[in-house]
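Q: Structure for the following, please:
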Amino acid sequence: MILLLHDKNLAAVHALPRILDWIEQEKARVAREGGVPIRIVDYSVLLPDQALRAKEVDTRRSFTR
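A: Sure, this is the predicted structure:
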């Protein structure tokens, strides 16, 4: 599951405590049942461990159509 919240959205600000409570309840339920709990991570887990070298990136390719 991916959850993306922006603090500019008042509804997201108000929802966050309920979301965090649900996550804690769900983690406890899954732990009781011996499953794999929810893991909270930030965007850095999606980044490569090392910076790509220039020759590994095709800079000629245009990403616009």
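Q: Poorly predicted segments of the protein, please.
A: Where the chain drops to pLDDT under 70, the residues are 1-7, 51-65.
Q: Please enumerate the helices of it.
A: Taking DSSP state H, the helices of the chain run over residues 10-32.
Q: Could you tell me how many residues sit around residue 48?
A: Look at residue 48: counted by other CB atoms under 10 Å, it has 7 neighbours. To be clear about C-beta, it is placed using only N, CA and C from the backbone, and glycine gets the same treatment.
Q: what's near enough to touch it?
A: By CB atoms under 8 Å, 6 or more residues apart in numbering, the contact list for residue 48 is empty.
Q: Dihedrals phi and psi, it?
A: Main-chain dihedrals, residue 48, degrees, to the nearest 10: phi -60, psi 150.
Q: try residue 34
A: Main-chain torsions, residue 34, degrees, to the nearest 10: phi 80, psi 20.
Q: switch to numbering from 8
A: Noted, 8 is the first residue going forward, which turns the last one into residue 41.
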